[in-house]
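**Q** Sequence and computational prediction follow.
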Amino acid sequence: MKHKSAQKAEDHKNELIARALEIGAIKLGEFDLKSKRKSPWFFNSGAFTLGKDQSLLAKTYAQAIVEGLGDILNDPEKLKRIKIFGPPQKGITLASSVAQSLAEMGADVPSFHTRPVEKKYGEATGLGTSKEELAKQKVVGAVPQKGDIIIIVDDVITTGGTKVAAIEELKELADDLSFPAIVVAVNRQEVGIDGSDPIESLSKSTGAKVISAVKAIDVQKYLKEESDSPSLSDSADRISTYLRVYGTEEVRKELGRVNQKNIFGADRGIVIAADVRTLEEFEKLVKLTHKIEGIVGYKIGFELGLGFGLGQVMNIARSYTNKPIIYDHQKAGTDIPDTGKAFAEVAKSAGIDSVIFFPQAGSETERAWIYWALVNGLDVMVGGIMTHPAYLESEGGFISGEGALRIYQIALNIGIEKLIVPSTKPDEIKRIREIAEDCGFATRFLSPGLGKQGGDIGKITELLGESWYPIVGREITQSGDIEAAARQQVAKLIRPVASA
């Protein structure tokens, strides 16, 4: 059998996306999902109310089935056993319209749906409980027979639970049914809150291939490539960022990692931890050190940020230098996911270049805070293990070692290249480095704890090589001669490596 598909799958997708944008089935902006995430886009199949729109939607489903299940549709014996099933409620009308579109493409197959309440009258009067009799009570349309091939069509997949329940229900109506595919309108291509891929999990639990008429990446590409509108292009960039943070491994590979530049302009250098109490002290620190070769940036904390406001601190810094200013809220990322947006907006408005997160509040907080930082154009640095004793459970603290390493892994999966690692704990640095080596891109490490906390420069250099950045505070800020102390730290920590 030859299918008479008038258009390629890509044409159907683009036509559907264009119409969905026109009628508001695809909305762009900021939307709360059931997962509590805030998404830059949303799809509502219920907006396809006109007959022509429903026909377009059905054709896109049908084309996806032809593309994904061509081997079955091209087998005459298997074609005779195919039925299209739509679970109540939205799947009911979908099943019949998709079957009609398939017929127009040369695959004439029947459809059916189940009743929410079993029929007990008319032809179903007095029926028993055998599978055949039960099917007559529950099915509207083509009753499934032994050995049938059932293709399930529905609007979306959230957790997949309703699809699993539907399959179990259908197995009660006929023997030896097979379920080669579950077809949905849109695959958002994002992981669940546990980090797993719900599509992959559903496929494993049911044995069915999950086919989508449109994927999130299709929407992103259409907005980027097919539209002349700057606002739509901006939406495409926002969706790209969202998918890089929340997306499945498949879509993250297709998009590529988050593109973070080297804000330091060098592969090695000292970041001064400006943990001082007054603006006068901060100004003196920057004034005396900003021209020293080997000083590549400044890290400010809550003393200055909360005491005087980030705006004032940045005004002082920018009166002397354009070197990057990093805000370490000590420790940002320990709140609920929603607070990440306001944090990032405040940092951006002040002119901060980069932010440090220690997202101990969980994976959803980590993803949300990174997402909002990236949306606001901020460079991101992530840490999971601190320098002091009794931090990890193994040391007598609260944080599990595996949980801390997962913080780094999530950041690396997104594409965050700058990691904060504790120079006082070389064994943990080794574990973090091993995770980073598997990520497929160059990672930059920043490490506090070298001075009075006891970190060993030799061991850290041996572990991290040349491309890392000591974070040095009290050895410079509490010295009697700030400039001399800064130059001494550069000579001690940077130049020996540079000349090696």
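**A** Arrived safely.
**Q** what comes into contact with stretch 381-397?
**A** Residues from elsewhere that reach stretch 381-397 (Cβ atoms under 8 Å, 6 or more residues apart in numbering): 326, 331, 354-359, 366, 370, 398-401, 403-408, 411, 416, 418-425, 428, 432, 446, 448-449, 453, 455. For every residue, glycine as well, the C-beta is placed using N, CA and C.
**Q** Any chance you could list what contacts stretch 200-208?
**A** Residues from elsewhere that reach stretch 200-208, judged by Cβ under 8 Å, 6+ apart: 152, 157, 160, 163-164, 167, 179-182, 192, 209-210, 248.
**Q** What strands line up against the strand ranked longest in the chain, and which way round?
**A** If you go by DSSP state E, the chain has its longest strand at strand 178-187. Here strand 178-187 has these sheet partners by DSSP bridges: strand 149-154 (parallel), strand 209-215 (parallel).
**Q** so what's residue 68 up against?
**A** Residues counted as contacts of residue 68 (Cβ under 8 Å, 6+ apart) are 181, 183, 209, 211.
**Q** ok, 7 Å please
**A** 181, 209, 211 (Cβ atoms under 7 Å, 6 or more residues apart in numbering).
**Q** got it, and residue 455?
**A** Residue 455 neighbours (Cβ under 7 Å, 6+ apart): 423-424, 449.
**Q** show me what contacts residue 335?
**A** 361, 365.
**Q** re the thing from before, tabulate the contacts of residue 68 (CSV), appending distance to residue 55, pLDDT and neighbour count.
**A** Output for the contacts of residue 68, formatted as CSV (distance: Cβ to Cβ, whole Å; pLDDT from 0 to 100; neighbours: other Cβ atoms under 10 Å):
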residue, distance to residue 55, pLDDT, neighbour count
181, 21, 97, 20
209, 25, 95, 16
211, 19, 95, 20
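**Q** Could you single out the nearest of those to residue 437?
**A** residue 209 (34.0 Å; Cβ to Cβ).
**Q** and residue 26, how many neighbours does it have?
**A** Residue 26 has 23 neighbouring residues, counting by other Cβ atoms under 10 Å.
**Q** Setting aside sequence neighbours, what's the nearest residue to it?
**A** residue 20 (4.1 Å; Cβ to Cβ, 6 or more residues apart in numbering).
**Q** before we move on, what SS does the one you found have?
**A** helix (DSSP: H, G, I helix; E, B strand; the rest coil).
**Q** returning to that earlier point: could the strands paired with strand 178-187 go into a markdown table alongside distance to residue 13?
**A** Listed next are the strands paired with strand 178-187 as a markdown table, based on distance: least, Cβ to Cβ, whole Å:
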| stretch | distance to residue 13 |
| --- | --- |
| strand 149-154 | 16 |
| strand 209-215 | 5 |
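**Q** Deepest in the core, which of those strands is it.
**A** Comparing these on average neighbours per residue, with mean count of other Cβ atoms under 10 Å, the densest one is strand 149-154 at a mean of 25.
**Q** so what secondary structure elements neighbour the next helix or strand along the chain from it?
**A** Following strand 149-154 in sequence order, the next helix or strand is helix 161-171 (DSSP states H and E). Counting by 3 or more Cβ pairs under 7 Å, 6 or more residues apart in numbering; DSSP states H and E, the packing neighbours recorded for helix 161-171 are strand 149-154, helix 198-206.
**Q** tell me the two of the contacts of stretch 200-208 that are most distant?
**A** 180 and 192 (24.0 Å).
**Q** Between these two, tell me which one has more neighbours.
**A** Ranked by neighbour count (other Cβ under 10 Å), residue 180 and residue 192 place residue 180 first, with 19 against 16.
**Q** give me every residue that touches the more buried one.
**A** Applying Cβ under 7 Å, 6+ apart, we find residue 180 in contact with 69, 72, 149, 151, 208-209.
**Q** how near is it to residue 420?
**A** Here the criterion is Cβ to Cβ, to the nearest Å. By it, residue 180 lies 48 Å from residue 420.
**Q** Same question for residue 265.
**A** The gap separating residue 265 from residue 420 is 19 Å, by Cβ to Cβ.
**Q** Give me the more crowded residue out of these two.
**A** Neighbour totals were compared for residue 265 and residue 420, and residue 420 leads with 26 against 11 (other Cβ under 10 Å).
**Q** which regions of the stretch 51-200 of the chain sit below the pLDDT cut-off?
**A** 118-129, 159 (pLDDT under 70).
**Q** repeat that with 90
**A** 88-93, 115-138, 155-165, 192-194, 198 (pLDDT under 90).
**Q** what does the model give the residue nearest to residue 26 for pLDDT?
**A** As summarised for this prediction, residue 20 has a pLDDT of 95.
**Q** For it, the count of nearby residues, please.
**A** With neighbours defined by other Cβ under 10 Å, the count for residue 20 comes to 26.
**Q** Would you confirm that it contacts residue 14?
**A** No - counting by Cβ atoms under 7 Å, residue 20 sits too far from residue 14 to count as a contact (10.5 Å).
**Q** what about stretch 215-226, distance to the chain center?
**A** 16 Å (Cα atoms, centre = their mean, to the nearest Å).
**Q** Mind checking the pLDDT average for it?
**A** Computed over stretch 215-226, the average pLDDT equals 92.
**Q** Let me see the residues that make contact with it.
**A** 13-14, 17, 26, 41, 187-189, 232-233, 235-236, 239-240, 243, 251, 254.
**Q** Strands - which of those land there?
**A** Those of the contacts of stretch 215-226 lying in strands (DSSP E): 26, 41, 187.
**Q** quick check, nearest of those to residue 107?
**A** Out of the ones in strands among the contacts of stretch 215-226, the member with the shortest distance to residue 107 (by Cβ to Cβ) is residue 187, at 22.4 Å.
**Q** wait, that closest one sits on residue 212?
**A** Yes - contact criterion Cβ under 7 Å: residue 187 and residue 212 qualify, at 3.6 Å.
**Q** what's the pLDDT at the residue nearest to residue 400 when sequence neighbours are not counted?
**A** Leaving aside its sequence neighbours, residue 400 sits nearest to residue 393 (Cβ to Cβ, 6+ apart; 5.1 Å). Per-residue confidence for residue 393 comes out at a pLDDT of 96.
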